[in-house]
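[1] Output the structure for:
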Amino acid sequence: MNLHVASPKQQTVVGLGLTALSLVLAWEIGGWIAGENLTQVEYLFVAAGIAVASVTILRNWRAGFYIFLTWVLFEDAIRKFLGNNMMIYFGKDFLVALIYLSLYLAVRNKRDRVFRPPFLIVLSLFFWWAVIQVLNPNSPSYLYGFLGLKIDFFYAPLMLVGFALVRSDQDLRKFLVVSMVLAGAIAGLGIIQSIVGPGFLNPTTLAPEIRELGDLSKVTPITHQLIHLPSSVFVSAGRFSGYLFSVSVLGMGTAGYLLLHSTKGRWLVFGALGTIAVAIALCGSRGVLLLSAGSALCMSAAFIWGAPWRTRQVYRMLKAIRRGAVIMAMALALAALVFPKEIGSRWAFYSETLDPRSTASELNNRVWDYPIYNLMIAFSEPHWVMGYGTGTASLGAQYVARIFKQKKPEVAVESGWGSLIVELGIFGLALWFLWTTVLIYGCWRVVLKLRQTRLFPVGFGAFWFIAVMLIPETYASLNVYQDYVLNAYLWLLIGVLYRLPELLNSRPVPLPAPATSRALVEQLVP
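    Got it, this is the predicted structure:
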């Protein structure tokens with residue numbers, strides 16, 4: 001009875017106002033198009049997209065989350081075509097801040113639960129040391145410190161989002177399938193670009209800051225073949241290849257989970273895995289190739305070890321491994337048959353630089369000598385004990401120097417651990433080891449709870465991605481952790497992993513075991 005009902009007169013006024021506003025916008029847009037000022041039209045559509053996403057997030061943050069996830073993955077494509085405008089770069093930060101606010105309101109109104117990380121104390125120690133290092137007198141400007149805090153910690157609350165997002169198997173399946181559909185589309189675009197050339201998905205002229213990142217090529221050292229490194233929808237080939245590794249691990253875990261639990265989305269995931277396998281072969285990144293192949297072997301062995309033997313569904317796990325391997329092999333064979341030149345040049349590059357028997361092999365140098373050399377460079381700096389301040393060796397420092405006319409940090413190393421020493425000193429590196437060790441150990445304990453359940457494949461996949469990101473990847477370069485795409489997935493998967501044990505309380509109807517599997521199960525399980 002107390003609800004306010006708009007009168008017909010008020011509705012007429014509102015309708016006339018919207019009509020007038022629409023006519024003004026149409027007139028302005030028509031003028032821009034007639035004057036060939038298409039950049040203004042593009043900015044208007046971007047602003048409209050952000051406005052729609054913002055309203056969706058505030059009304060239902062779960063639905064808005066998938067808009068945010070899509071924006072994160074495709075933001076670079078928009079930025080490339082709009083001259084690397086940094087306002088667009090902060091669009092995802094605005095959206096994720098709205099998600100944090102919407103989740104906070106939902107928790108306060110008791111519609112959602114908050115995640116209390118068991119590693120919060122050690123993570124807080126590392127965070128507050130980074131805050132203190134903003135005031136480091138060796139830093140050229142405090143702005144570098146604020147940049148470092150934003151890159152390193154702004155997406156950390158996504159673990160709360162990931163925890164709250166997955167309330168049931170349906171929520172988990174939706175998150176995994178949507179992630180893999182997006183991954184398949186991005187990998188497919190990267191395959192096309194590696195075949196057609198850098199003119200695809202790139203403007204005619206890239207902004208100077210990203211020109212070298214978005215138009216990279218390599219030459220095979222022995223056969224002297226030129227290969228282009230695709231960047232797909234991203235601004236750099238490195239971001240694209242790192243993303244391929246993350247979704248390859250996520251895809252293998254998703255495939256195992258779906259074969260144990262549900263038939264929905266199964267073939268979408270397997271199709272995406274085949275596309276990702278071809279994209280990894282064509283991306284030209286030796287590190288991603290080795291990590292993906294090694295992860296496939298380790299995860300296959302782990303899936304068999306953690307399969308639900310008690311419910312006699314181990315056959316389905318073997319089927320998932322076999323089916324994934326067959327589909328990826330068929331996709332690679334088809335790519336080699338249709339595009340032999342492109343696949344052959346990449347194979348020549350990998351074999352000539354990774355084969356220890358090759359005269360141009362760089363395997364030992366890239367795995368050990370080069371990172372250790374850069375780590376030693378960090379210890380040769382005069383302020384290695386206290387460091388030079390948060391953000392002084394972080395991604396994006398060049399934008400702070402250019403936009404705010406600040407002195408550019410002159411200290412930089414390519415070792416991840418060395419970069420931590422440069423920024424935070426030796427004590428900062430020790431705190432990094434402390435919080436990552438506690439986190440990985442805690443994640444492993446969660447994985448053990450999931451053993452012999454339907455959730456083990458996706459749980460182990462999340463654990464494997466987290467461990468690889470924080471140990472070998474960060475050992476090689478801090479840029480991997482600071483890449484916003486990988487960083488967002490890292491924190492999301494931490495929250496999802498810690499939520500999985502609660503999903504075991506729900507008991508879905510088990511899938512009927514096929515008759516052909518009984519003989520195999522009886523041989524495997526006495």
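
[2] Any regions of this structure where pLDDT drops low?
    1-39, 41, 262-263, 310-312, 506-526 (pLDDT under 70).

[3] buried residues in the lengthiest helix in the chain?
    The longest helix of the chain (DSSP state H) is helix 416-450. Neighbour-count burial for helix 416-450, with 16 or more other C-beta atoms under 10 Å as criterion, is recorded at 416-425, 428-429, 431-432, 435-436, 438-440, 442-443, 446-447, 450. C-beta: built from backbone N, CA, C; applies to glycine.

[4] Report all helices and strands that it contacts.
    helix 120-133, helix 370-380, helix 456-468, helix 474-476, helix 479-482, helix 484-503 (3 or more C-beta pairs under 8 Å, 6 or more residues apart in numbering; DSSP states H and E).

[5] Could you dump those into CSV and include distance to residue 73 and mean neighbour count?
    As requested, these are exported to CSV (distance: least, C-beta to C-beta, whole Å; neighbours: other C-beta atoms under 10 Å):
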stretch, distance to residue 73, mean neighbour count
helix 120-133, 26, 16
helix 370-380, 29, 16
helix 456-468, 16, 25
helix 474-476, 22, 18
helix 479-482, 17, 22
helix 484-503, 7, 22
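
[6] of all those helices, which lies closest to residue 65?
    helix 484-503 (9.4 Å; C-beta to C-beta).

[7] angle of the closest one against helix 456-468?
    140 degrees (axes from the mean of the first three to the mean of the last three C-alpha atoms, to 10 degrees).

[8] could I have helix 484-503 exported to PDB, CA atoms only?
    The C-alpha trace of helix 484-503 is given here as PDB (Å, rounded to 0.1, in the frame of the first residue of the first chain):
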ATOM      1  CA  TYR A 484      46.100  -9.100 -14.800                       C
ATOM      2  CA  VAL A 485      44.500 -12.000 -16.700                       C
ATOM      3  CA  LEU A 486      46.500 -14.700 -15.000                       C
ATOM      4  CA  ASN A 487      46.300 -12.800 -11.700                       C
ATOM      5  CA  ALA A 488      42.500 -12.700 -11.800                       C
ATOM      6  CA  TYR A 489      42.300 -16.400 -12.600                       C
ATOM      7  CA  LEU A 490      44.800 -17.200  -9.800                       C
ATOM      8  CA  TRP A 491      42.700 -15.500  -7.100                       C
ATOM      9  CA  LEU A 492      39.400 -16.800  -8.500                       C
ATOM     10  CA  LEU A 493      40.600 -20.400  -8.500                       C
ATOM     11  CA  ILE A 494      41.900 -20.100  -4.900                       C
ATOM     12  CA  GLY A 495      38.400 -19.200  -3.800                       C
ATOM     13  CA  VAL A 496      36.700 -21.800  -5.900                       C
ATOM     14  CA  LEU A 497      39.100 -24.500  -4.600                       C
ATOM     15  CA  TYR A 498      38.400 -23.700  -1.000                       C
ATOM     16  CA  ARG A 499      34.600 -23.900  -1.700                       C
ATOM     17  CA  LEU A 500      34.700 -27.300  -3.300                       C
ATOM     18  CA  PRO A 501      34.700 -29.500  -0.100                       C
ATOM     19  CA  GLU A 502      31.300 -27.900   0.800                       C
ATOM     20  CA  LEU A 503      29.900 -29.100  -2.600                       C
END
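
[9] That one packs against which elements?
    helix 61-81, helix 158-165, helix 169-196, helix 237-261, helix 416-450, helix 456-468, helix 479-482.

[10] Which among those is found nearest to residue 52?
    helix 61-81 (7.8 Å).

[11] now that closest one: how far from the chain's centre is it?
    12 Å (C-alpha atoms, centre = their mean, to the nearest Å).
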